[in-house]
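# After the sequence you'll find the predicted model.
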Amino acid sequence: TGKVNAFTTHVDFWFLATLGGGVICSILSLAKLLEIGFEWYPIYVAALFFGLILASVPAVGKMVKQWSATRFVALAIGLGLALCLAFAPAASENTNTFYLMLCGVVAMCSMIIPGVSGSFVLLLLGNYQLIMIQSVNQLRAGNLQDSLPVIIPVGVGAVLGLLALSHFLSWLFKRYHDNAVAVITGFVAGSLAIIWPWKRPDEVIIKGDEEKVLSYESYFPQLDTSFAIALAIMVVGVVVMLVVEKLSASSSE
C-alpha cells in the first residue's frame, strides 16, 4: 500500500538487512580461502566444522526448558536420523536446477532452525563447494555464465523456503518447543559422525572425466603432527562458537 515505514517496522527490515549483509560479506571474503582449504587441506577444514558443531550441541541442548523421558526419546530420534545419514551413500555434486532449488530451500530452513548450519546441510547434500565456493568465486571473477545458473536457483529456493516454512516452524516451536529442540540436539550430536574429518573414499565411480565418491570409510588418524594441527583447529572452532554464544547472551541481557 506504499506504507514503506510501516513495512520496514513490521518485518524488522534493518535487522534482516544487517544480517543479510553479514552473510554476503562472509561468503565473498571466505569463498576463495575455503576453496584453497578444500583442495589442499580438507582434513583441517573438516576439523574446523567439527569443532563448531561440537560446541553447538550443549548450546542447543540448554534451550530445552525441562528434560523428561519424552524429550530423551526425541533426542534419540534426532540422533538416529543423523547416524542414518552418516552411513547412507554420500550425495554427490548435482547441477540440476530443481536440485539446486531444493538446496536453497533446505539450507534456508536449516538456518531458521537453531543449532543447524546451512553450510553444513549443503555439505550433506553434496553441493557446498559448488554453491558456496565455485559459483561465488566465478561471480567475483565476472564469470556470470557459469555462476548465475547456480546462484539464481539456490536464491529462489531460499526465498521459497523462508516464506513457506517460517510460519510452520514458528508454530512448531510454540506448540512443541522442548520436543523439537531435543530432536535438533540429537541430530546435531549425531552429525558429528558425518563431519568426522578423517575419511577416505570407499566407493568411487568414473563419469566422463570426473570421479564421483559414493561412500567414505572413516578411520582414526595416526598421532602425528597433522593430527595435532587438526586437533588445534577443532579447539579453535569450539572457542569461536563459545565466544559467539557468550556475545549473544551478553547482548540479550
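Received the coordinates, thanks.

# what about residue 121, which SS state?
Following DSSP: H, G, I helix; E, B strand; the rest coil, the label given to residue 121 is helix.

# check contacts around it.
106-107, 110 (CB atoms under 8 Å, 6 or more residues apart in numbering). C-beta coordinates here come from the backbone N, C-alpha and C atoms, glycine included.

# Can you turn the buried part of those residues into a PyMOL selection?
Applying 16 or more other CB atoms under 10 Å to these, the buried members can be selected in PyMOL as follows:
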select buried, resi 106+107+110
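
# tell me which of the contacts of residue 121 is nearest to residue 22?
residue 107 (16.2 Å; CB to CB).

# Tell me how far that closest one lies from residue 73.
28 Å (CB to CB, to the nearest Å).

# same thing with residue 247?
33 Å.

# The two - which one has more neighbours?
Applying other CB atoms under 10 Å to residue 247 and residue 73 shows that residue 73 carries more neighbours, namely 13 against 10.

# Let me know the pLDDT of the more buried one.
We have a pLDDT of 93 for residue 73.

# again with residue 170
Confidence for residue 170, expressed as pLDDT, is 80.

# and after the helix or strand containing it, which helix or strand comes next?
Using DSSP states H and E, residue 170 falls within helix 144-175. Proceeding N to C from helix 144-175, the next assigned helix or strand is helix 177-190, under DSSP H and E.

# Which neighbouring elements make contact with that next one?
helix 42-61, helix 69-86, helix 144-175 (3 or more CB pairs under 8 Å, 6 or more residues apart in numbering; DSSP states H and E).

# tell me the angle of the helix or strand that residue 244 is a member of relative to helix 42-61?
Element membership of residue 244 [criterion: DSSP H and E] is helix 225-252. If you take axes from the mean of the first three to the mean of the last three CA atoms, to 10 degrees, helix 225-252 sits at 30 degrees to helix 42-61.

# and helix 225-252, what other elements does it pack with?
By 3+ CB pairs under 8 Å, 6+ apart, helix 225-252 packs against helix 42-61.

# show me the contacts for the closest residue to residue 75 other than its chain neighbours.
Using CB to CB, 6 or more residues apart in numbering and skipping residues adjacent in sequence, the residue nearest residue 75 is residue 186, 4.1 Å away. Counting by CB under 8 Å, 6+ apart, residue 186 makes contact with 74-82.

# Which residue in those has the weakest pLDDT?
residue 82 (79).

# My understanding was that it contacts residue 191; is that so?
Yes. Using CB atoms under 8 Å, residue 82 is in contact with residue 191, at 4.6 Å.

# if you count what's nearby, which of these two comes out ahead?
Set residue 82 next to residue 191 and count neighbours by other CB under 10 Å: residue 191 wins out with 30 against 19.

# thought that one was touching residue 53?
Yes. Counting by CB under 8 Å, residue 53 is a contact partner of residue 191 at 6.1 Å.

# how close does the residue nearest to residue 57 when sequence neighbours are not counted sit to residue 109?
Counting by CB to CB, 6+ apart, residue 57 lies nearest to residue 189, which is 4.9 Å off, once chain neighbours are set aside. The gap separating residue 189 from residue 109 is 20 Å, by CB to CB.
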